[in-house]
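S.K.: What follows is a predicted structure for the sequence shown.
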Amino acid sequence: MKSWSILLAAAFTIFFTSSQLTEPSEAKIGSTAPVFSIKNESGDFSLSEMRGKYVLLSFWSLNEPQSRVNNAQYASLADSNNIHYVSINTDSDTILWSQIVEIDNLNASRQYSSQDSKSSDIMDDYHLATGSRAYLINPDGIIEAVNPSLDQLVKLTPI
C-alpha cells in the first residue's frame, strides 16, 4: 500500500512539473497578439494604442538575407496602404543595423532594435529566438496572418 502511495505521489509530481515547464504556444493566426511597447530615437510605440488599425509587425535579422528583403518590401507596401508598419531588428550589432536602415532607405521612425531593454520581453512573447517572422494584426488585436505575402496583405487589408 505504501509503495502505491509513493508511486501515485511521484506520478502527480511528474505530471504537474512537466505541465508547468511546457513552453506556451507561439503567436499564431486567430490568437490575440501579445501587446508591447518599444521605443526608438523617434519616440515610443505601443501596440495597445493601435487598436482600430491594421499593424504589420516584422522581426528581421541581418543574418537572414530574405528577412531584409521582406522588411524593405513590407515597408514600401505599408507606406502605400492602410497598414501601420513596425519593424524590429533582432541583431546585437546596432551600428550595422542603423547603417542598413539608411542604406535600404527605410523609414527610421518605424525601425526598432531588439537591444532595447524591453524588447527581449517582446521576443519572448512572440517566441522568437532570432529574427524573420511577420504578423498582420487586425484592428481588434487578432493575428490575421503570419509571414504574409504581399498579395495576402493587399487582400486582407482595406486600401
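M.R.: Happy to help now that I have it. Computed from a predicted model, the values in this text were never measured in an experiment.

S.K.: buried residues in stretch 32-50?
M.R.: For stretch 32-50, burial by neighbour count (16 or more other CB atoms under 10 Å) applies to Ala33, Pro34, Phe36, Ile38, Asn40, Phe45, Leu47, Met50. In short, each C-beta sits where N, CA and C put it, glycine included.

S.K.: from these, which single one is nearest Leu62?
M.R.: Asn40 (17.2 Å; CB to CB).

S.K.: what about the residue nearest to that closest one when sequence neighbours are not counted, which helix or strand?
M.R.: Once flanking residues are discounted, Asn40 sits nearest to Tyr112: 5.0 Å by CB to CB, 6 or more residues apart in numbering. Applying DSSP states H and E as the criterion places Tyr112 in strand 111-113.

S.K.: cool, Leu136 as well?
M.R.: Using DSSP H and E, Leu136 falls in strand 133-137.

S.K.: Tabulate the CA atom coordinates of the helix or strand following that strand in CSV.
M.R.: As assigned by DSSP H and E, the chain's next helix or strand after strand 133-137 is strand 143-146. Extracted in CSV, the C-alpha atoms of strand 143-146 (Å, rounded to 0.1, in the frame of the first residue of the first chain):
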residue,chain,number,x,y,z
ILE,A,143,-3.3,37.9,-35.6
GLU,A,144,-4.7,37.6,-39.0
ALA,A,145,-1.7,36.3,-40.9
VAL,A,146,1.9,35.0,-40.1
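
S.K.: Report the buried residues of the following helix or strand past strand 143-146.
M.R.: The C-terminal neighbour of strand 143-146 among helices and strands, as given by DSSP H and E, is helix 150-156. Using 16+ other CB under 10 Å as the test for burial, helix 150-156 gives Leu153.

S.K.: now helix 150-156: mean pLDDT?
M.R.: For helix 150-156, the mean pLDDT works out to 88.

S.K.: Could you find the closest non-adjacent residue to the residue nearest in space to the middle of the chain?
M.R.: With distances taken as CA atoms, centre = their mean, the residue of the chain nearest its centroid is Tyr126 (5.2 Å). In space, and not counting its chain neighbours, Tyr126 is closest to Ala27: 5.1 Å by CB to CB, 6+ apart.

S.K.: Go ahead and confirm that neighbour touches Ala33.
M.R.: Yes: contact criterion CB atoms under 8 Å: Ala27 and Ala33 qualify, at 6.3 Å.
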